[in-house]
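In: dropping a prediction and its sequence here:
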Amino acid sequence: MRRQPWGLFAIALAVLVVGLVAVGVPASTLLFAALVLACPLMMMFMMGGMHGGHGGDHDREHGSAASDGHDHKPTAGRR
């Protein structure tokens, strides 16, 4: 599984905010933008952990029963 560089994103965001305040953008405008972006950002973070269970690459990476490489089928009456 690939990890996202969230720490680098946070540093870039902090540099952007400091730069915008230094240029003269009012802090109230930045606060309003943060409130507008809060819902989509929260949706990305919350839904990022859900895999959906559609049998994609996640199952092959983590060795699910459907893709563990065994070719034999269960016999009748046995599990």
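Out: Nice, thanks for sending it over.
In: name the helix or strand for residue 47, please.
Out: According to DSSP states H and E, residue 47 maps onto helix 27-48.
In: got any ranges where this structure has weak pLDDT?
Out: 1-2, 49, 51-79 (pLDDT under 70).
In: could you report the neighbour count for residue 25?
Out: Residue 25: 13 surrounding residues under other CB atoms under 10 Å. In short, each C-beta sits where N, CA and C put it, glycine included.
In: kindly provide the distance from it to residue 8.
Out: Using CB to CB, to the nearest Å, we find residue 25 at a distance of 23 Å from residue 8.
In: cool, residue 39 as well?
Out: Separation of residue 39 from residue 8 (CB to CB): 23 Å.
In: likewise residue 29?
Out: Counting by CB to CB, the gap from residue 29 to residue 8 is 25 Å.
In: could you do residue 50 as well?
Out: 24 Å.
In: with residue 42 instead?
Out: 20 Å.
In: kindly report the same for residue 26.
Out: On the measure of CB to CB, residue 26 and residue 8 end up 27 Å apart.
In: can you check residue 43 too?
Out: Counting by CB to CB, the gap from residue 43 to residue 8 is 21 Å.
In: try residue 48
Out: 16 Å.
In: and residue 41, by the same measure?
Out: As for residue 41, its distance to residue 8 is 16 Å (criterion: CB to CB).
In: what values do phi and psi take at residue 25?
Out: Note on residue 25: backbone dihedrals following degrees, to the nearest 10 are phi -70, psi 130.
In: tell me the contacts of residue 30?
Out: Neighbouring residues of residue 30 by CB atoms under 8 Å, 6 or more residues apart in numbering: 17, 20, 21.
In: who touches the helix or strand containing the last one?
Out: With elements taken from DSSP H and E, the one containing residue 21 is helix 6-23. Defining contact as CB under 8 Å, 6+ apart, one finds that helix 6-23 is touched by 27, 30.
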